[in-house]
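Student: I'll drop the sequence and a predicted model, then ask my questions.
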Amino acid sequence: MSKRDRSLIAVAALLTSGNIEQLTFHLSFARENGLTETELKDAITHLAFYAG
């Protein structure tokens, strides 16, 4: 699995588990691993409907 995909999964797991303390770091790390701000916003919005 690519670093990009792992970062997306990590962000999703942190969001859905409510682990906000680590989220800031992992959002930055996800950007370094190739995810765009738009992709992260889309993932957060999408997860809000399923995990909210």
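Tutor: Yes, it's here.
Student: got the CA coordinates for stretch 9-28 in CSV?
Tutor: Output of stretch 9-28 as CSV, limited to C-alpha atoms (Å, rounded to 0.1, in the frame of the first residue of the first chain):
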residue,chain,number,x,y,z
ILE,A,9,-6.7,5.5,6.1
ALA,A,10,-5.0,6.9,9.2
VAL,A,11,-6.9,10.2,8.9
ALA,A,12,-10.1,8.3,8.4
ALA,A,13,-9.5,6.1,11.4
LEU,A,14,-8.6,9.1,13.6
LEU,A,15,-11.7,11.0,12.5
THR,A,16,-14.1,8.1,13.0
SER,A,17,-12.7,7.2,16.4
GLY,A,18,-12.7,10.8,17.6
ASN,A,19,-9.0,10.9,18.2
ILE,A,20,-8.7,14.6,17.4
GLU,A,21,-5.4,15.1,19.4
GLN,A,22,-3.4,13.2,16.7
LEU,A,23,-5.3,14.5,13.7
THR,A,24,-3.4,17.7,13.2
PHE,A,25,-0.1,15.8,12.8
HIS,A,26,-1.6,13.2,10.5
LEU,A,27,-3.3,15.8,8.3
SER,A,28,0.1,17.5,7.7
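Student: I'd like the average pLDDT over that stretch.
Tutor: For stretch 9-28, mean pLDDT is 94.
Student: buried stuff in stretch 7-25?
Tutor: Ser7, Leu8, Ala10, Val11, Ala12, Leu14, Leu15 (16 or more other CB atoms under 10 Å). C-beta: built from backbone N, CA, C; applies to glycine.
Student: any idea whether the last one is helix, strand or coil?
Tutor: Applying DSSP: H, G, I helix; E, B strand; the rest coil to Leu15 yields a three-state assignment of helix.
Student: OK, contacts around it?
Tutor: Leu23, Ile44, Leu47, Ala51 (CB atoms under 8 Å, 6 or more residues apart in numbering).
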